[in-house]
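S.K.: Sequence plus predicted model, see below.
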Amino acid sequence: MEIFDYDNILLLPRMCRVESRSECDTSVVLGNRSFKLPVVPANMKTVVDEKICTYLAQNGFFYVMHRFDIDNVAFTKDMQSKGLFASISLGVKQPDYDTVDSFVADGICPEYITIDIAHGHAESVKNMIQYIKAKIPAAFVIAGNVATPEAVIDLENWGADATKVGVGPGKVCITKLKTGFGTGGWQLSALKWCARVATKPIIADGGIRSHGDIAKSIRFGATMIMIGSLFAGHEESPGKTVEVDGKLFKEYYGSASDFNKGEYKHVEGKRILEPVKGPLMNTLIEMQQDTQSSISYSGGTKLMDIRKVNYVILGGDNAGEHLLM
Ligand SMILES: NC(=O)C1=CN([C@@H]2O[C@H](COP(=O)(O)OP(=O)(O)OC[C@H]3O[C@@H](n4cnc5c(N)ncnc54)[C@H](OP(=O)(O)O)[C@@H]3O)[C@@H](O)[C@H]2O)C=CC1
Ligand SMILES: Nc1nc2c(ncn2[C@@H]2O[C@H](COP(=O)(O)O)[C@@H](O)[C@H]2O)c(=O)[nH]1
């Protein structure tokens, strides 16, 4: 198997078919809806809150609300009362089952549910997918996180509508160091490996450091890309603002860090400071423009045309040109 990551792959241009990058369509379909961009801010406490989720939904972007210290039923009702879709996260413990029961009791159903645990290839996830599908079958279920084709096959067979791939590539992740496991350092080739067997959409999660990594993820099989650090640190971001030597930063911490958990137990995440980088919409606009450029370099007009390009691996044992025959 070829092992590579975002920083040692480049995609190869094909002859341009547009006169302007504005002709390139970056939209993507997930479930019953189409979104402007194939990216979603990570469902983490320092990345999204109710206000940002509302803003994203109102402006045609996908979002996933985090699952920490939040009333998912009230959140769903609030979003739907505004005519917006609801996209929530659940764990696999008793309170998460109680939440599903409350949806049934109140006769409501979020449009998207992400089952979000560290080791998503687990019986607990199978049980939760099947509970949701039995009780509120209209919900589109995203399940994860996983790292292998076997896991993608199992989650799909258990009823997941999409799988989330990425164990340990995140910027505030220390899973690799603490456990010796994961896709940290080879997330892009893990995505390629998983995409070969997937029959449903894959959300690539973690490790995105530049906008060009969005096109690389699409090329290797992602339908959507979950991003934490690039979305943390905006003016609107929920992380606490910290001043260091006269410069403003916002905190960004892992969901499995002691900062999020409130205790030091099974810690697999850390806290960092991200420089404050202006309004969120500016980043979304730049991501859209950069993704339009990516599509134009692929010789296409729409997002999935990026899947057709060849690529080179830079340096290392797998170095070379990879042509689609
Ligand atoms: N994408 C990634 O690489 C990672 C992401 N995270 C994020 O951190 C947050 C907390 O995750 P998590 O700790 O799973 O959430 P929870 O604390 O809600 O744990 C979920 C359940 O899974 C169990 N569990 C967790 N890890 C394992 C494991 N390795 N083996 C067996 N059972 C396990 C827990 O039991 P118990 O605690 O008793 O073991 C608990 O019952 C999530 O948002 C998750 O996405 C965390 C690590 C890696
Ligand atoms: N191993 C851990 N991974 C975590 C933790 N909290 C979140 N995450 C994952 O990181 C991505 C975001 O990655 P980034 O590179 O874009 O910053 C996020 O979506 C989660 O999957 C954690 O505490 N430990």
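M.R.: Nice, thanks for sending it over. Remember, it's a predicted structure, so these values are computed and weren't measured experimentally. Numbers count the residues shown, from 1 in each chain. Ligands and ions are numbered 1, 2, ... in the order given.
S.K.: what's around Asn59, how many residues?
M.R.: For Asn59, the neighbour count with other Cβ atoms under 10 Å is 12. All C-beta atoms are positioned from the backbone trio N, CA, C, and that covers glycine.
S.K.: no wait, Gln289
M.R.: Neighbour tally, Gln289, other Cβ under 10 Å: 15.
S.K.: who touches it in this structure?
M.R.: Arg21 (Cβ atoms under 8 Å, 6 or more residues apart in numbering).
S.K.: Tell me if it really is in a strand.
M.R.: No. The assignment for Gln289, made by DSSP: H, G, I helix; E, B strand; the rest coil, is helix rather than a strand.
S.K.: Kindly provide the distance from it to ligand 2.
M.R.: Computed as Cβ to the nearest ligand atom, to the nearest Å, the Gln289 to ligand 2 distance reads 20 Å.
S.K.: Equivalent analysis for Lys265, please.
M.R.: Where ligand 2 is concerned, Lys265 sits at a distance of 13 Å (Cβ to the nearest ligand atom).
S.K.: What number of residues are in the vicinity of that residue?
M.R.: Neighbours of Lys265 using other Cβ under 10 Å come to 8.
S.K.: Could you do Gly207 as well?
M.R.: Neighbour number of Gly207 under other Cβ under 10 Å is 28.
S.K.: tell me the secondary structure for the residue lying closest to it once chain neighbours are set aside?
M.R.: Nearest-residue entry for Gly207: Pro169, 3.5 Å, with adjacent residues in sequence omitted and distances by Cβ to Cβ, 6 or more residues apart in numbering. Secondary structure assignment for Pro169 (three-state DSSP): coil.
S.K.: Pro169 against Gly182, yeah?
M.R.: Yes. Between Pro169 and Gly182 there is a contact under Cβ atoms under 8 Å: 7.1 Å.
S.K.: Please identify which of those two sits among more neighbours.
M.R.: Shown here are Pro169 and Gly182; by other Cβ under 10 Å, Pro169 has more neighbours (27 against 24).
S.K.: Just list the residues touching that one, thanks.
M.R.: Going by Cβ under 8 Å, 6+ apart, the list of residues near Pro169 reads Gly182, Thr183, Gly184, Gly185, Gln187, Asp205, Gly206, Gly207.
S.K.: any chance of these in TSV, plus distance to Leu284, secondary structure and pLDDT?
M.R.: Putting those into TSV (distance: Cβ to Cβ, whole Å; DSSP: H, G, I helix; E, B strand; the rest coil; pLDDT from 0 to 100) gives the following:
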residue	distance to Leu284	secondary structure	pLDDT
Gly182	29	coil	97
Thr183	26	coil	97
Gly184	27	coil	97
Gly185	28	coil	96
Gln187	23	helix	98
Asp205	18	strand	98
Gly206	19	coil	98
Gly207	20	coil	98
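S.K.: which residues touch Met304?
M.R.: Contact analysis of Met304 by Cβ under 8 Å, 6+ apart lists Ile218.
S.K.: I should have written Ala86 there, sorry.
M.R.: Applying Cβ under 8 Å, 6+ apart, the residues near Ala86 are Phe75, Thr76, Met79, Gln80, Pro110, Glu111, Tyr112.
S.K.: Give me the phi and psi for it.
M.R.: Phi and psi for Ala86, reported as degrees, to the nearest 10, are phi -110, psi 130.
S.K.: Quick check: bridge partners of the residue most central in space within the chain?
M.R.: Closest to where the C-alpha atoms of the chain average out (Cα atoms, centre = their mean) is Met226, at 1.7 Å. Here Met226 sits in beta bridges with Val40, Asp205, as judged by DSSP bridges.
S.K.: All set now, cheers.
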